[in-house]
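Trainee: mind folding the following:
(chains A, B, C and D)
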Protein chains: 2
Amino acid sequence: MRHDSRLSRVLHALIHMDGHDGRATSETIGRMLGTNAVVVRRTMAGLRDAGYVRSDKGPGGGWTLVRPLSGITLFDVYSALGSPPVFALGLAEDQPQCLVEQAVNATVAGALHEAESALMTGLKAVTLADIAQDFGRRLKRSGAHRSAA
Amino acid sequence: MRHDSRLSRVLHALIHMDGHDGRATSETIGRMLGTNAVVVRRTMAGLRDAGYVRSDKGPGGGWTLVRPLSGITLFDVYSALGSPPVFALGLAEDQPQCLVEQAVNATVAGALHEAESALMTGLKAVTLADIAQDFGRRLKRSGAHRSAA
DNA sequence: CATGTCGAAACAAGTGAAGTTACATATTAA
DNA sequence: TTAATATGTAACTTCACTTGTTTCGACATG
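Mentor: Here you go, the predicted structure:
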């Protein structure tokens, strides 16, 4: 695999669910995301455990947003996914004996840690409502283009 | 594989090569890093092409530092490796039709891009000489501990 | 020409996300 | 109670990618 796309997939799903009044089944969400219902359940499990969505079994069941989009930040979603590894870059060894490698690790880990902090700060600054608003702008613009054509 | 450790490995190797007067064979470096000579050649190839090290064939050959450690930043090394992907996190699709996904992608990509910039800034601020100096401090401290014991 | 060294191709191994299948469990409604 | 609809979950496969390994060829040294 090239990378972990669960964060962007879940965001995509949650914002669709907000527009989608009522429940959305894993099957429905899977079609939205171009993926499988089982993958959806697997990915959404963390968000259910964290209390952002609810899942109901049986006919008429499916997934429901429990909080408003404005009450969920990207960081919340990232955390609910289990805070998966951010970097594809890493150290060769965690507890090396070699003092040179220790010095290298300290430096590289420091740089990565700062970048990770920057990312987390960025994720905390954005709510799903912000993205939904951006979607609204895009929709408007797309409609304008269409009528202009 | 969990992640790409080439950056830290190469840094480790280069600093060892600085202490190591004269040439170091791929075999020697491989033993230092706890890896294989072929892996070393593969990884060092980019640094040779970028002009940071030289490789010589035949008896007495091997790898030589061409520039002083103070003239090489971590960013230089990262670039010489071909600027490998920084993040394990990514988008589901690059050119989505769905406007919701477009909005999600713009936001996530923006956050990642800012974090990447922060990382690159950090990598540019540190030279290999800085790491070597840190190694010197660690060596001194380790010697002090040993005589105190 | 024998030895040592890099260069490079080819292939296997290990890892982790994603896709898929199969079945258990729970809920709704007739 | 039964049939239909959903989720929950385990197991297996697939895919991409770094790393490890083997095996050559090219070339320099003495």
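
Trainee: A:Ala103 reaches B:Ile131, doesn't it?
Mentor: Yes. Here A:Ala103 lies in contact with B:Ile131, judged by C-beta atoms under 8 Å, at a distance of 5.1 Å. (Glycine included, C-beta is placed from N, CA and C.)

Trainee: what about the nearest residue to A:Pro68 once chain neighbours are set aside, distance to chain B?
Mentor: Nearest non-adjacent residue to A:Pro68, counting by C-beta to C-beta, 6 or more residues apart in numbering or on different chains: A:Ala129, 7.2 Å away. Distance, A:Ala129 to chain B, by C-beta to the nearest C-beta, to the nearest Å: 11 Å.

Trainee: residues near the residue in chain A that DNA strand C sits nearest to, how many?
Mentor: In chain A, the residue that lies nearest DNA strand C is A:Gly58 (2.8 Å; C-beta to the nearest atom of the strand). A:Gly58 is flanked by 6 other residues according to other C-beta atoms under 10 Å in any protein chain shown.

Trainee: and A:Arg54, what element?
Mentor: Using DSSP states H and E, the element containing A:Arg54 is strand A:53-56.

Trainee: which strands and helices sit next to that strand?
Mentor: helix A:37-49, strand A:62-65 (3 or more C-beta pairs under 8 Å, 6 or more residues apart in numbering or on different chains; DSSP states H and E).

Trainee: pLDDT averaged over the last one - what is it?
Mentor: Just to be clear, that refers to strand A:62-65. Average pLDDT, strand A:62-65: 95.

Trainee: would you tell me what the next helix or strand after it is?
Mentor: For strand A:62-65, the following helix or strand on the C-terminal side (DSSP H and E) is helix A:74-80.

Trainee: any residue of that following helix touching chain B?
Mentor: Yes. Applying C-beta under 8 Å from any C-beta of the partner chain, one finds helix A:74-80 in contact with chain B at A:Leu74.

Trainee: and what of stretch A:18-36?
Mentor: Yes. For stretch A:18-36, a contact with chain B is found by C-beta under 8 Å from any C-beta, at A:Met32, A:Leu33, A:Gly34.

Trainee: what does that stretch rub up against?
Mentor: A:9, A:12-13, A:16-17, A:37-41, A:44, A:56, A:60-65, A:69, A:128, A:132, B:92-93, B:98 (C-beta atoms under 8 Å, 6 or more residues apart in numbering or on different chains).

Trainee: could you look up the SS state of the residue of chain A closest to DNA strand C?
Mentor: coil (DSSP: H, G, I helix; E, B strand; the rest coil).

Trainee: for it, grab phi and psi.
Mentor: phi 80, psi 170 (degrees, to the nearest 10).

Trainee: A:Val77 touches A:Leu11, doesn't it?
Mentor: Yes. Contact criterion C-beta under 8 Å: A:Val77 and A:Leu11 qualify, at 6.2 Å.

Trainee: give me the more crowded residue out of those two.
Mentor: When neighbours are counted by other C-beta under 10 Å, A:Leu11 comes out ahead of the other of A:Val77 and A:Leu11, with 25 against 21.

Trainee: the more buried one contacts A:Ile131, correct?
Mentor: Yes. Shown here, A:Leu11 and A:Ile131 form a contact pair, counting by C-beta under 8 Å, at 6.6 Å.

Trainee: quick check on A:Leu89: phi, psi?
Mentor: Per degrees, to the nearest 10, the backbone of A:Leu89 is at phi -90, psi 140.

Trainee: what kind of secondary structure is A:Leu119 in?
Mentor: helix.

Trainee: re earlier: most packed of the helices and strands packed on strand A:53-56?
Mentor: strand A:62-65 (a mean of 20; mean count of other C-beta atoms under 10 Å in any protein chain shown).

Trainee: list of residues touching it?
Mentor: Contact with strand A:62-65 is made by A:14, A:17-18, A:22-26, A:28-29, A:44, A:52-56, as judged by C-beta under 8 Å, 6+ apart.

Trainee: same question for the helix or strand A:Arg31 falls within, mean pLDDT?
Mentor: Element membership of A:Arg31, judged by DSSP H and E, is helix A:26-33. Helix A:26-33 shows a mean pLDDT of 94.

Trainee: no further queries at this time; thank you.
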